[in-house]
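K.L.:
take a look and give me a structure for this.
(2 chains)
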Protein chains: 2
Amino acid sequence: MPQQHRAHATRQAILSAAAEEFDRAGYAATPLSAILRRSGVTKGAFYFHFPSKESLATALVRAQEAVWPELYQRWVEQGVDPLRMLVGLVDDLARAIATDTVVRAGLRLSCESGLIDNDLPSPYPLWERVLFELFDQAGAGGLLRDGVNPAVAARVVNAALVGARIISCSLNRCTDVTQRTRELWPLVLRGIATDVWFEGWVGESRASSPLYAQ
Amino acid sequence: MPQQHRAHATRQAILSAAAEEFDRAGYAATPLSAILRRSGVTKGAFYFHFPSKESLATALVRAQEAVWPELYQRWVEQGVDPLRMLVGLVDDLARAIATDTVVRAGLRLSCESGLIDNDLPSPYPLWERVLFELFDQAGAGGLLRDGVNPAVAARVVNAALVGARIISCSLNRCTDVTQRTRELWPLVLRGIATDVWFEGWVGESRASSPLYAQ
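P.N.:
Got it, this is the predicted structure:
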């Protein structure tokens, strides 16, 4: 194997071992030695790729962040209304969390950003802004129930999604995160969307998936 | 100061310093040395009271657990319906989280129970059971919207409350946890309760607090 391929393979082995370990126990409780042991990489080779455990965690946070814009763009291109886009986007995110260890670990680490590096921003305000934009567009399109404040809707949905992920990942290693996020919508969107939007969506959803049916 | 009073004061100083430190950084990232430094207690005196950092964290989890049954009992005695009890109980819990460092730290630690001691159960299933019982009673009393499954409602509300606490405590040291939990109800309860219950409750809440108004 040429040297640069080997270097790439080593870097990937470190990232993948780190994702497994951080996903299981979080940043502070994972010693670098556990990552080295799992990856089979020597300390010397490790420091060739990453200056510290901190920089490794930051790389996983960044790798996870890189996933979202592509998923978001794909939903923008679908041309559905902002509330349907929200449901579809969250479903894609939940699937990525359930199946991809790098996404799962990067997300957990990003919520522990204050422990890792003071320059890593908390993800919560960012997610809230994305949600706010979708609800704001929904409001402009007449899809929100009278009197619903898009900023409040964004905070409430952010809280419900963060909680669903944390409970699923804590109790069931994120395996049921798709179910736990899907079952939020019939309860939460009734309080956010107009009756017309909600009844139309429930009709479609019931036809396409038994999970959406109440 | 008689010796047993002094011992009690030392134990309280340790618990209070530990609550401050664990609340800030969680279990794994808090070294015992930081707790000793803050409490001004020597290592020898510490080990007279607690065999390990683990046992200290467990004591805070237990101290926090002891708060809830009393709050719950107080709401049972109010004799209000299960949904109003839920809103009132969560409001009391949020206030305890915002104002009491032992409650705040114990709650954070209880969510990290897997890191502390494998015998410490996760709190999520317990909270879900309490919520299920309230929604199940609400269903029996005809307060739930047609087709709402009390088990799903319990999981959704549990997720929303866990997320609201985590976001508030992560961004604002839990200072806005009362506001973040209160603003869930107008959106979430519309999807759970009957229109009659919901309209009655909104009317009351609007009269008593501007926060409930949408």
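K.L.:
run through who's touching stretch A:148-158.
P.N.:
Under the contact criterion C-beta atoms under 8 Å, 6 or more residues apart in numbering or on different chains, stretch A:148-158 has outside partners A:86, A:124, A:127-129, A:131-132, A:134-136, A:138-139, A:144, A:184, A:188, A:191-192, B:160, B:163-164, B:167, B:180, B:183-184, B:187-188, B:214. Every residue, glycine included, has its C-beta placed from N, CA and C.
K.L.:
just the buried residues of the residues you listed.
P.N.:
Among the contacts of stretch A:148-158, those classed as buried by 16 or more other C-beta atoms under 10 Å in any protein chain shown are A:86, A:124, A:127-128, A:131-132, A:134-136, A:138-139, A:144, A:184, A:188, A:191-192, B:160, B:163-164, B:167, B:180, B:183-184, B:187-188, B:214.
K.L.:
give the contact list for residue A:145.
P.N.:
Residue A:145 touches A:191-195, counting by C-beta under 8 Å, 6+ apart.
K.L.:
can we see that at 7 Å?
P.N.:
A:192-194 (C-beta atoms under 7 Å, 6 or more residues apart in numbering or on different chains).
K.L.:
same deal with residue A:98?
P.N.:
Contacts of residue A:98 (C-beta under 7 Å, 6+ apart): A:174-175, A:177-178.
K.L.:
which is the next helix or strand following the one helix or strand it maps to?
P.N.:
Element membership of residue A:98 [criterion: DSSP states H and E] is helix A:82-99. Counting by DSSP H and E, the next helix or strand C-terminal to helix A:82-99 is helix A:101-111.
K.L.:
contact partners of the helix or strand that that following helix is followed by?
P.N.:
Helices and strands here follow DSSP H and E; after helix A:101-111, the next one along the chain is helix A:113-116. Identification of contacts with helix A:113-116 by C-beta under 7 Å, 6+ apart yields A:27-28, A:54, A:57-58, A:109, A:120-122, B:25, B:29.
K.L.:
CA atoms of helix A:113-116 as CSV?
P.N.:
The C-alpha trace of helix A:113-116 is given here as CSV (Å, rounded to 0.1, in the frame of the first residue of the first chain):
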residue,chain,number,x,y,z
SER,A,113,-18.8,20.9,23.2
GLY,A,114,-18.2,22.9,26.3
LEU,A,115,-16.1,20.0,27.8
ILE,A,116,-14.0,19.6,24.6
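K.L.:
next, the angle helix A:101-111 makes with whatever helix or strand comes next after that helix.
P.N.:
Counting by DSSP H and E, the next helix or strand C-terminal to helix A:113-116 is helix A:124-140. On the basis of axes from the mean of the first three to the mean of the last three C-alpha atoms, to 10 degrees, helix A:124-140 is oriented at 100 degrees to helix A:101-111.
K.L.:
just checking, what packs against helix A:124-140?
P.N.:
Identification of packing neighbours for helix A:124-140 by 3 or more C-beta pairs under 7 Å, 6 or more residues apart in numbering or on different chains; DSSP states H and E yields helix A:82-99, helix A:150-172, helix B:150-172.
K.L.:
quick one: name the residues of chain A near chain B.
P.N.:
Within reach of chain B by C-beta under 7 Å from any C-beta of the partner chain, chain A has these residues: A:25-26, A:28-29, A:115, A:122, A:124, A:147-149, A:152-153, A:155-156, A:158-164, A:166-167, A:170-171, A:180, A:183-184, A:186-188, A:190-192, A:214.
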